[in-house]
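# Sequence and predicted structure are below.
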Amino acid sequence: MCECDLDLTLGGARPALGGWAELANMQVEADWRGRGIGSWLVGHAVAWLRLGRHERMVLTTAIDDEVAGSGRFYRRLGWEVLVRLERAWGYEGSAAAHG
């Protein structure tokens with residue numbers, strides 16, 4: 001699975017991001033890893049985005065996933081880290097929201 005966000009401008013509110021797209025939530029089931037499926041997904045997603053005139057792309061991955069192997073995977077495909085963010089997700093009343 002690989003999701004693509006095509007409108008990083010938020011409907012024109014951020015025009016500087018015109019032509020940018022985001023790849024997110026790329027996942028290959030553990031039993032199917034190491035067979036080129038992830039590389040195929042990313043390659044086809046990038047080709048599809050370029051057909052739509054998206055020449056610049058970013059991707060997001062959780063820090064835990066990066067450490068577990070996605071960072072190495074994306075670097076092998078030519079991607080590089082621009083920024084790392086740490087976020088505490090939660091809802092009111094959760095430990096993460098108060099931490």
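Arrived safely. Numbers count the residues shown, from 1 in each chain.
# If we go by neighbour counts, what in stretch 67-83 is buried?
Residues of stretch 67-83 classed as buried by neighbour count (16 or more other Cβ atoms under 10 Å): 70-71, 73-74, 79. C-beta: built from backbone N, CA, C; applies to glycine.
# now the residues you listed as JSON lines including distance to G38 and pLDDT?
Formatted as JSON lines, these follow (distance: Cβ to Cβ, whole Å; pLDDT from 0 to 100):
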{"residue": "S70", "distance to G38": "9", "pLDDT": "88"}
{"residue": "G71", "distance to G38": "13", "pLDDT": "88"}
{"residue": "F73", "distance to G38": "6", "pLDDT": "92"}
{"residue": "Y74", "distance to G38": "9", "pLDDT": "91"}
{"residue": "W79", "distance to G38": "12", "pLDDT": "91"}
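# Phi, psi for L8 please.
When read as degrees, to the nearest 10, the backbone of L8 gives phi -80, psi 0.
# ok, how many other residues are close to it?
By the criterion of other Cβ atoms under 10 Å, L8 has 17 neighbours.
# That one reaches W20, doesn't it?
Yes: at 4.7 Å, L8 counts as touching W20 under the criterion of Cβ atoms under 8 Å.
# Please, where are all the strands along this protein?
3-5, 20-24, 56-59 (DSSP state E).
# hey, which of the ones you listed is tucked in deepest?
Comparing the strands of the chain by mean neighbour count (mean count of other Cβ atoms under 10 Å), strand 20-24 ranks first with a mean of 18.
# CA-only coordinates of it, as CSV, when you get a sec.
Taking C-alpha atoms only, strand 20-24 is exported to CSV below (Å, rounded to 0.1, in the frame of the first residue of the first chain):
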residue,chain,number,x,y,z
TRP,A,20,4.9,19.0,-4.8
ALA,A,21,3.4,15.7,-3.7
GLU,A,22,3.8,13.5,-0.7
LEU,A,23,4.2,9.7,-0.4
ALA,A,24,2.9,8.3,2.9
